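Peer 1: take a look and give me a structure for this.
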Amino acid sequence: MATAKKAAAKKSAPNPGDAPPASKPAGTSEQADPSAPASKPFTQADVVQAIFGAYLEPDAPHSKKADANIAVQRYLEQTIAKHSVGSQYNIILFYDTTRMVQSDADNIYSAVTEFPEEKPILVILHSTGGYVEPAYLIGKLLREYSGEDLHIAVPRRAKSAATLLCCAADRIHMGGLSELGPIDPQIDNLPALGLKSSVQHIAELVAEYPQATELFSNYLAKAVKPIHIGYYERVAESAVQYAERLLKPHAKDLKDNPENIAKTLVYSYKDHGFVIDKQEAVSIFGDKLVVLNTPEYNLGNALYQALDFINRIAGYANQTFYMIGSLTTAPVFTAKK
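Peer 2: Residues are numbered from 1 along each chain as shown. Presented below is the predicted three-dimensional model:
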């Protein structure tokens, strides 16, 4: 018996030359790394259970949140695996129901610089827009790291600044429910071009009712500073320049020259929310740049449905959800205010 105990102790004791065992960071989940193969399929029920366990249970440990992230990542991986076209691309997810901001460019940079191999990039884009500056930077980044073979799938909405981002793509994949939108800049949720339009409308009223000239003159003097008209126009011209620069690298595939297309997107629509559907998009960009109902679009649509499902479950848990980056990027859940 004593001999057996000594043998067991000798077998379990570390060799002095061996490296010490790696310590696990505090709060790390016991789940496998999300890039490793899944041992079993993750169902919608698994995703619901993981999110509710992390964000509805009082005093849930940090590991529960890590498990929820892994469940989301596995669920999305499985969605991609059902589409053979997914293996041809490095995939970027841009699912955001809030506003495109500078930190989004940081997330995209982190994702594209960590892809293990160089492939064309396919972006699954769902965004209502935001600031034009990060949209421009993201477009430049994606082109650089895609080997100038950039594809953007729009399963539902890519409005405003997200449409500007689409201008960087070599192919925009659209379907029946896809929509782009004008990229006229907004200031305090009002169109920058609206001030100029208002002044023009007042001038027309003065021409029609000359007896009211003094009334309109006094109103304009009190309500509008001339410098504001020039500033708002320059903001709009800046949006044209951004779009033109993103379009130029694939000008050979465009229906018109980049400057004209950029001006169309900024100046041609009266409503910022105007729906530029797939037919309208083809009429603007041409059928070489905008392609319809492709396998890439089908993959984008499937991923949108998966992400939208996750977003709805997050809402039930009083969380706002978004995911911007690659499949290994942690999804973000933030408590609703």
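Peer 1: list the buried ones in the strand or helix carrying residue 54?
Peer 2: For residue 54, the enclosing helix or strand under DSSP states H and E is helix 44-55. Under the neighbour-count criterion of 16 or more other CB atoms under 10 Å, helix 44-55 has 47, 48, 50, 51, 52, 53, 54, 55 buried. (Glycine included, C-beta is placed from N, CA and C.)
Peer 1: what residues are up against residue 137?
Peer 2: Residues near residue 137 by CB atoms under 8 Å, 6 or more residues apart in numbering: residue 105.
Peer 1: that one: what secondary structure?
Peer 2: Classification of residue 137 using DSSP: H, G, I helix; E, B strand; the rest coil returns helix.
Peer 1: tell me which other helices or strands whatever helix or strand comes next after the helix holding residue 54 touches.
Peer 2: Sequence-wise, the next helix or strand downstream of helix 44-55 (DSSP H and E) is helix 62-81. Packed against helix 62-81 by the contact rule (3 or more CB pairs under 8 Å, 6 or more residues apart in numbering; DSSP states H and E) you find helix 44-55, helix 295-316.
Peer 1: swap in 10 Å and give it another go.
Peer 2: On a contact count with 3 or more CB pairs under 10 Å, 6 or more residues apart in numbering; DSSP states H and E, helix 62-81 meets helix 44-55, strand 90-96, strand 121-127, helix 295-316, strand 319-325, strand 332-335.
Peer 1: dump the residue contacts of residue 322.
Peer 2: Residue 322 makes contacts with 93-98, 104, 107, 126-127, 307, 311, 314, 331-334, as judged by CB atoms under 10 Å, 6 or more residues apart in numbering.
Peer 1: tell me how many other residues crowd residue 254.
Peer 2: 18 (other CB atoms under 10 Å).
Peer 1: just the CA trace of the helix holding residue 54, in PDB.
Peer 2: Taking Å, rounded to 0.1, in the frame of the first residue of the first chain, the C-alpha atoms of helix 44-55 are listed here in PDB:
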ATOM      1  CA  GLN A  44     -32.200  29.500 -30.400                       C
ATOM      2  CA  ALA A  45     -33.300  28.000 -27.100                       C
ATOM      3  CA  ASP A  46     -29.600  27.900 -26.000                       C
ATOM      4  CA  VAL A  47     -29.100  31.500 -27.000                       C
ATOM      5  CA  VAL A  48     -32.200  32.600 -25.100                       C
ATOM      6  CA  GLN A  49     -31.100  30.600 -22.000                       C
ATOM      7  CA  ALA A  50     -27.600  32.100 -22.100                       C
ATOM      8  CA  ILE A  51     -28.700  35.700 -22.500                       C
ATOM      9  CA  PHE A  52     -31.400  35.400 -19.900                       C
ATOM     10  CA  GLY A  53     -29.000  33.700 -17.500                       C
ATOM     11  CA  ALA A  54     -26.500  36.500 -17.900                       C
ATOM     12  CA  TYR A  55     -28.800  39.500 -17.800                       C
END
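Peer 1: what's in contact with it?
Peer 2: 31, 40, 42-43, 60-72, 74-76, 306, 309-310, 312-314, 316-319, 321, 331, 333, 335.
Peer 1: swap the cut-off to 6 Å and go again
Peer 2: 60, 64, 65, 67, 68, 71, 75, 313, 317, 319 (CB atoms under 6 Å, 6 or more residues apart in numbering).
Peer 1: so which of these comes closest to residue 183?
Peer 2: Nearest to residue 183 among the contacts of helix 44-55 is residue 319, at 30.5 Å by CB to CB.
Peer 1: contacting residues for that closest one?
Peer 2: 55, 333.
Peer 1: can you tell me the centre-most residue of the protein?
Peer 2: For the chain, the residue sitting closest to the mean C-alpha position, by CA atoms, centre = their mean, is residue 94 at 2.6 Å.
Peer 1: want to try CSV for the buried residues of helix 44-55, with pLDDT as columns?
Peer 2: What follows is these, written out as CSV (pLDDT from 0 to 100):
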residue, pLDDT
47, 96
48, 97
50, 96
51, 97
52, 97
53, 96
54, 96
55, 95
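Peer 1: picking up where we left off before, ranking the helices and strands packed on helix 62-81 by burial, who's on top?
Peer 2: strand 121-127 (a mean of 27; mean count of other CB atoms under 10 Å).
Peer 1: next, the angle from that strand to helix 295-316.
Peer 2: Here strand 121-127 points in a direction 40 degrees away from that of helix 295-316 (axes from the mean of the first three to the mean of the last three CA atoms, to 10 degrees).
Peer 1: can you show me the CA trace of strand 121-127 as PDB?
Peer 2: Backbone C-alpha positions of strand 121-127 (Å, rounded to 0.1, in the frame of the first residue of the first chain) are rendered in PDB as follows:
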ATOM      1  CA  ILE A 121     -14.000  40.800 -47.200                       C
ATOM      2  CA  LEU A 122     -17.800  40.400 -47.000                       C
ATOM      3  CA  VAL A 123     -19.500  43.000 -44.800                       C
ATOM      4  CA  ILE A 124     -23.000  42.200 -43.500                       C
ATOM      5  CA  LEU A 125     -24.300  45.800 -43.000                       C
ATOM      6  CA  HIS A 126     -27.300  46.900 -41.000                       C
ATOM      7  CA  SER A 127     -27.200  50.500 -39.900                       C
END
